[in-house]
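In: Sequence first, then the predicted structure:
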Amino acid sequence: MSGRIAVVHNGIIENHAALRQFLEGTGVTFVSQTDTDVLGHLIAYHLYGDKSGTKNGKNGHGRNGNGHGAEKDAGGGLSLLDAVLAALAEVVGTFGIAVVAAARPDCIVAARRGSPLLVGIGDSEYIVASDAAAIVAHTSNVIYLEDNEAVEITRSSLRTVTLDAAPVTKTVEQIAVSRAFTRRSRLRASCAIETRLRFFNVYGPRQDPRSPYSGVISIFCDRLGRGQPISIFGDGEQVRDFVYVGDVTWAAMAARPAEPCVFNVCIGRPTSILTLENTIARLCGTTPSIGWAPQRDGDIRVSIGNPQLAREQLGFTAQTELDRGLATIL
């Protein structure tokens, strides 16, 4: 692409092999075997046209453009947003992406399906990230993209649409963690006072369900995501306090020097194993097969933290609801 397109991608493009084969047929030479490389070339194909000079016409693999009345930019070609939407219409898989193009230097397009994505809104600036912890030092104003949504960002504007180009109105939300709190947290390394954090049931992406230390969420997500049965020990009414790893990051940032103390890093609400199983099954769109087993010796019936001290003294409150956190895994 000679540096004409840059893509940041979190996710897996399941049909990248078929897309690669098509693009190679147009004369594209790939420099890597990654699915992200395929995605970048596919966007370039829709934005610039193929090697034969055909712009924005049939793509040669069963679809005509993006099917939603592509919008032209001032130069007469597709806008970057519509080129990205046209490319994503061909994609099977998950993605959280941000795209820039040399031909559209004043524009960033971001989109998501399955992988988290948000936009921080600062003073005359926008920041695209996958987690609020990455932007909290810059702004406390944020919009969260939902699955199958995209955003077009220019120097002076921001607009959100579905992947079918239907307009979407988003609400600006406030991140609970303030800039002052992040500045104070940076002082903690120079102080001898010890602050301890007690983490409850931490979960998030890239946990290995095969590990002997794996938690129930990674195991359930792995097995239900592949349509396999799961095992529940006891009656399934055991409750846990599940906290997302992004919130754990905030807590670590918040652990500024204070009186020696232990803070609970938790959400403070119970979730039963059965509720967890039902939630994951619903997100996977599957009906689970459950194997019931006797309760194990030593199993804790109730494990719930009290977040009050962390909220009052550190200004920390876990923000990620279970559905949103699970979506980063599934």
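Out: Right, received. Where do you want to start? Numbering: from 1, shown residues only.
In: next one: phi and psi at Thr36?
Out: phi -70, psi -40 (degrees, to the nearest 10).
In: Could you report the neighbour count for the spatially closest residue to it that is not a sequence neighbour?
Out: In space, and not counting its chain neighbours, Thr36 is closest to His9: 4.2 Å by C-beta to C-beta, 6 or more residues apart in numbering. Heads up, the C-betas are built off the backbone N, CA and C, glycines and all. His9 has 20 neighbours, counted by other C-beta atoms under 10 Å.
In: Could you do Ala98 as well?
Out: Applying other C-beta under 10 Å, we find 22 residues neighbouring Ala98.
In: How about Leu47?
Out: For Leu47, the neighbour count with other C-beta under 10 Å is 27.
In: The helix or strand it falls within: how far from the chain's middle?
Out: Assigned by DSSP states H and E, Leu47 belongs to helix 35-48. From the chain centre to the centre of helix 35-48 is a distance of 21 Å (C-alpha atoms, centre = their mean, to the nearest Å).
In: Next: stretch 214-231.
Out: Relative to its chain's centre, stretch 214-231 lies at 20 Å (C-alpha atoms, centre = their mean).
In: Can you give me the buried ones in that stretch?
Out: Across stretch 214-231, burial judged by 16 or more other C-beta atoms under 10 Å covers Val216, Ile217, Ser218, Ile219, Phe220, Cys221, Asp222, Arg223, Leu224, Gly225, Ile230.
In: okay, the residues you listed in a markdown table with distance to Ile108 next?
Out: Below are these laid out as a markdown table (distance: C-beta to C-beta, whole Å):
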| residue | distance to Ile108 |
| --- | --- |
| Val216 | 38 |
| Ile217 | 33 |
| Ser218 | 33 |
| Ile219 | 37 |
| Phe220 | 36 |
| Cys221 | 31 |
| Asp222 | 34 |
| Arg223 | 38 |
| Leu224 | 35 |
| Gly225 | 31 |
| Ile230 | 41 |
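In: So, low pLDDT: which residues of the stretch 51-200 of the chain?
Out: The stretch 51-200 of the chain contains residues with pLDDT under 70 at 51-77, 176-195.
In: ranges for the helices of it?
Out: Secondary structure of the stretch 51-200 of the chain by DSSP state H, counting those that start in this stretch: the helices cover 80-88, 179-185.
In: Going by contacts, tell me the helices and strands next to the longest one.
Out: Using 3 or more C-beta pairs under 8 Å, 6 or more residues apart in numbering; DSSP states H and E as the contact test, the elements touching helix 80-88 are helix 35-48, strand 93-101, strand 104-113, strand 149-154.
In: can you list the residues that contact the third one?
Out: Okay, so that is strand 104-113. Contacts with strand 104-113, where a contact means C-beta atoms under 8 Å, 6 or more residues apart in numbering, come from 11, 47, 73, 79-81, 84-85, 88, 93-101, 117, 119, 126, 128, 145-155, 163.
In: again, but for the longest one
Out: The contact list for helix 35-48, computed with C-beta under 8 Å, 6+ apart, reads 1, 4-7, 9, 12-13, 16, 19-20, 23, 26, 28, 30-31, 55-56, 59, 65-66, 77-78, 80, 82-84, 86-87, 90-91, 93, 95, 97, 99, 101, 103-104.
In: coming back round to it: deepest in the core, which of the helices and strands packed on helix 80-88 is it.
Out: helix 35-48 (a mean of 24; mean count of other C-beta atoms under 10 Å).
In: what angle sits between that one and helix 80-88?
Out: 130 degrees (axes from the mean of the first three to the mean of the last three C-alpha atoms, to 10 degrees).
In: Mind checking the pLDDT average for helix 35-48?
Out: Across helix 35-48, pLDDT averages out at 92.
In: The residue nearest to the spatial centre of the chain and Tyr244: what is the separation?
Out: With distances taken as C-alpha atoms, centre = their mean, the residue of the chain nearest its centroid is Pro116 (1.5 Å). Pro116 is 10 Å from Tyr244, where distance means C-beta to C-beta, to the nearest Å.
In: returning to what we had before: and the residue nearest to Thr36, what does it touch?
Out: Counting by C-beta under 8 Å, 6+ apart, His9 has contacts Asp35, Thr36, Leu39, Phe95, Gly96, Ile97.
In: redo that, cut-off 10 Å
Out: His9 makes contacts with 34-40, 94-99, 115, as judged by C-beta atoms under 10 Å, 6 or more residues apart in numbering.
In: Name only those of the contacts of helix 35-48 that count as buried.
Out: Buried by 16+ other C-beta under 10 Å: 1, 5, 7, 9, 13, 16, 19-20, 23, 28, 56, 59, 65-66, 77-78, 80, 82-84, 86-87, 90-91, 95, 97, 99, 101, 103-104, out of those.
In: Now the phi/psi pair for the residue nearest to Val239 when sequence neighbours are not counted, please.
Out: Setting aside the residues directly before and after it, Val239 is nearest to Pro270 in space (C-beta to C-beta, 6+ apart), at 3.8 Å. The phi/psi pair for Pro270 (degrees, to the nearest 10) reads phi -80, psi 140.
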